[in-house]
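1. sequence first, then the predicted structure, then my questions.
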Amino acid sequence: MRIGTVIVLIWLLIGVLATWQRGYFTGETDPSCERASTIAVTIIAGPLNYVGVNPKVDECDLPEPSE
């Protein structure tokens with residue numbers, strides 16, 4: 001494996017750990033766009049979660065399909 005791949009995998013694993021510690025994987029059984037988006041950006045933020053970044057998505061406007 002290349003070093004870049006290893007670094008990205010470690011980055012994302014740290015993001016998953018932060019998401020788990022915040023309890024985003026438990027609780028609500030009815031997922032919403034905001035919840036799924038918050039989980040995704042928390043995972044992508046990775047180690048930044050431990051230096052004060054707390055990404056959250058408050059509003060999720062999805063495009064309407066055309067008729």
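-> Cool, the structure landed. Residues are numbered from 1 along each chain as shown.
2. okay, CA-based contacts and neighbour counts for the rest of this
-> OK.
3. what about the longest helix in the chain?
-> Assignment by DSSP state H gives helix 3-21 as the longest helix of the chain.
4. could you list the buried residues of it?
-> For helix 3-21, a neighbour-count test (16 or more other Cα atoms under 10 Å) marks 11-19 as buried.
5. tell me which residue is most central in this protein.
-> By Cα atoms, centre = their mean, the chain has its centre lying nearest to residue 40, at 2.5 Å.
6. from residue 3, how far out is that residue?
-> Remark: distance between residue 40 and residue 3 (Cα to Cα, to the nearest Å) = 24 Å.
7. with residue 44 instead?
-> Remark: distance between residue 44 and residue 3 (Cα to Cα) = 18 Å.
8. any low-confidence regions in the protein?
-> Applying pLDDT under 70 to the chain flags residues 1, 28-30, 67.
9. following the longest helix of the chain, which helix or strand comes up?
-> Scanning forward in sequence from helix 3-21 by DSSP states H and E, the next helix or strand is helix 33-45.
10. Serialize the buried residues of helix 3-21 to JSON lines and add fields for distance to residue 34.
-> Output for these, formatted as JSON lines (distance: Cα to Cα, whole Å):
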{"residue": "11", "distance to residue 34": "23"}
{"residue": "12", "distance to residue 34": "20"}
{"residue": "13", "distance to residue 34": "21"}
{"residue": "14", "distance to residue 34": "21"}
{"residue": "15", "distance to residue 34": "17"}
{"residue": "16", "distance to residue 34": "17"}
{"residue": "17", "distance to residue 34": "19"}
{"residue": "18", "distance to residue 34": "17"}
{"residue": "19", "distance to residue 34": "14"}
